[in-house]
Structures are given as C-alpha cells and as structure tokens.
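Asks: this one's sequence-less:
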C-alpha cells in the first residue's frame with residue numbers, strides 16, 4: 001500500500017498576450033495498492049489520484065481525477081488472462097486556460113501458449129476506448145488535434161512455428177465506433193476491419209526478418225486500403241528484441257488509430273516471456 005500528498009505553488013513568469021500568466025496553487029492526493037499471489041497466479045494493482053489547482057484570477061482553476069486498475073491471472077502454464085482499465089477526467093473551471101479532457105480505456109485479454117506444443121501462440125483482446133481530448137491535446141494515437149473517438153475493438157492474433165527458421169501468423173481485428181471531428185464537433189461512424197498475414201524468418205542466431213501483408217476495410221466509405229510492411233529484428237538476450245523497418249501502407253495495426261498517416265520508418269521493441 002502506498003500513498004502520496006503534494007501541496008505547493010507554481011509560479012509562471014510567461015507573458016501571454018501582453019499579460020503575465022497567473023500563478024496557481026496545487027493540491028494533490030494519490031494512492032495505490034498492489035497484490036501478488038504466490039500460489040494462486042493472481043496479480044493486481046489499483047491506483048488513483050485527485051489534483052486540485054486554483055489561481056487568484058480563476059484562469060488556471062481545474063480539478064483532475066485519474067485512476068487505473070490491472071488484474072492478471074495465470075490459472076495454468078498455458079493460459080494467461082488479463083483485465084485493465086485507465087481513466088482520466090479533467091474539469092477546467094470558467095475561463096481557465098487549462099482544457100477539459102475525458103479519457104477511459106478498458107480491456108480484456110487472453111493469451112494461450114500451450115507448454116506441450118510451444119509452436120502455437122494465440123492472443124485474444126477486447127478494448128473499449130472513450131477518448132475526448134481538449135483543444136491542443138494529443139489523442140490516444142498521439143496525434144495533436146487528431147480526432148476523438150468512442151470505439152469497441154476486438155482482435156485475434158495467432159502465430160505458428162512451421163520449423164526452427166519459419167513462423168507464420170495472422171491477425172483479424174474489428175472496430176465498431178464513431179469518430180469526433182474536434183474542429184466542428186460532429187460525430188461520424190468509424191467502423192473498420194483489419195486483416196494481416198505475417199511471416200517471420202529466423203536468419204541466424206540473433207537476427208529475424210519480418211514481412212506482413214495487410215488490408216484495412218472501411219464499411220462507411222466502402223473502401224479497402226492495402227499495405228505491406230518489412231523489418232529486421234535483433235535478439236538481445238532471451239526476453240527482448242529490437243527491430244527497425246518500413247511500413248509501405250498508410251495505416252497501422254493499432255485500431256485505436258483512425259487516421260491514415262502511418263507510412264514510414266518504424267522502431268519496435270518486443271518483450272518476450
């Protein structure tokens with residue numbers, strides 16, 4: 001069990017529009033609890049924070065609530081179950097220069113890796129995302145002034161080792177949601193279907209090559225985008241590998257990202273256990 005307390009004043013010497021920015025007082029409380037079972041395969045973490053900010057002219061007044069929970073359970077060596085949720089709500093007061101924002105993300109996931117046949121790995125995941133950032137804030141995909149959204153996302157991912165040097169895999173993902181244009185405030189449908197075929201080639205002891213063929217179908221516009229991705233990975237020990245490559249398509253495999261601006265070089269770090 002942990003807890004924290006903060007009380008202080010932020011002094012801001014910036015000049016904004018010919019006027020000195022106001023100083024403000026901050027009061028914050030935080031707490032967390034962690035559980036790790038030794039025999040039941042259960043781990044859990046719960047955390048929360050409240051922050052209150054007040055200024056003499058009211059321009060920096062805001063209340064912020066944040067919290068999260070994560071639970072993992074390994075009933076046997078082949079199956080891992082995980083659930084998590086994160087929330088953050090910022091409520092700016094009056095003509096405050098701080099922006100309101102709403103963020104909530106919850107997920108349920110299951111990983112199946114049979115120990116008696118470790119050539120197969122399967123992952124299922126469901127995610128709910130409510131992402132309504134304020135002006136000039138990044139959204140869940142990291143885009144400044146990008147669209148907000150409310151989405152339900154389902155995905156299934158599987159890999160199978162054909163032999164010691166070749167692994168074939170595939171992924172199907174579906175998003176049911178709607179997108180918010182943060183300029184006009186208008187909502188629109190943002191459903192999508194994603195399909196991926198993947199091949200990993202183990203070249204030498206510490207190097208892998210990756211190739212993916214991708215398709216993204218958008219029911220709203222009845223359009224399909226096709227993409228191809230290639231990369232090279234180097235293993236660093238038994239539990240980590242680092243890769244670099246190029247995405248020739250416009251979209252990503254992260255269905256939380258509803259923009260088509262992801263073509264280019266990527267760097268990817270993978271933890272293995």
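Replies: Yes, it's here. These numbers were taken from a predicted model, which means no experiment stands behind them.
Asks: Parallel or antiparallel, list what pairs with the helix or strand where residue 129 lies.
Replies: Assigned by DSSP states H and E, residue 129 falls within strand 120-132. Applying DSSP bridges to the sheet, strand 120-132 is found paired with strand 101-112 (antiparallel), strand 148-161 (antiparallel).
Asks: Next, the residues that contact the longest one from outside, please.
Replies: Translated: strand 148-161. 118-133, 139-140, 167-180, 182, 190, 194, 198, 200, 255-256, 258 (C-beta atoms under 8 Å, 6 or more residues apart in numbering). Placement of C-beta: from N, CA and C, glycine included.
Asks: these two touch, right, residue 263 and residue 228?
Replies: No - Residue 263 is beyond contact range of residue 228, at 10.6 Å (criterion: C-beta atoms under 8 Å).
Asks: So for these two, which residues contact both of them?
Replies: 248-249.
Asks: Could I get the buried residue list for stretch 87-95?
Replies: Buried residues in stretch 87-95, defined by neighbour count with 16 or more other C-beta atoms under 10 Å: 87-88, 90, 92-93.
Asks: got it, and stretch 41-56?
Replies: For stretch 41-56, by 16+ other C-beta under 10 Å, it's 41, 47, 49, 51, 53, 55.
Asks: got the contact list for stretch 214-226?
Replies: Contacts of stretch 214-226 (C-beta under 8 Å, 6+ apart): 188-196, 213, 227-229, 249-251, 253, 260.
Asks: Tell me how many other residues surround the closest residue to residue 110 other than its chain neighbours.
Replies: Closest residue in space to residue 110, ignoring its immediate chain neighbours: residue 124 at 4.8 Å, by C-beta to C-beta, 6 or more residues apart in numbering. When neighbours are counted by other C-beta atoms under 10 Å, residue 124 registers 15.
Asks: circling back to that earlier point, from the contacts of strand 148-161, keep the buried residues only.
Replies: Buried by 16+ other C-beta under 10 Å: 121, 123, 125, 127, 129-133, 139-140, 167, 169, 171, 173, 175, 177-180, 182, 190, 194, 198, 200, 255-256, 258, out of these.
Asks: thought residue 46 was touching residue 32?
Replies: Yes - Residue 46 is in contact with residue 32 according to C-beta under 8 Å; the separation is 6.6 Å.
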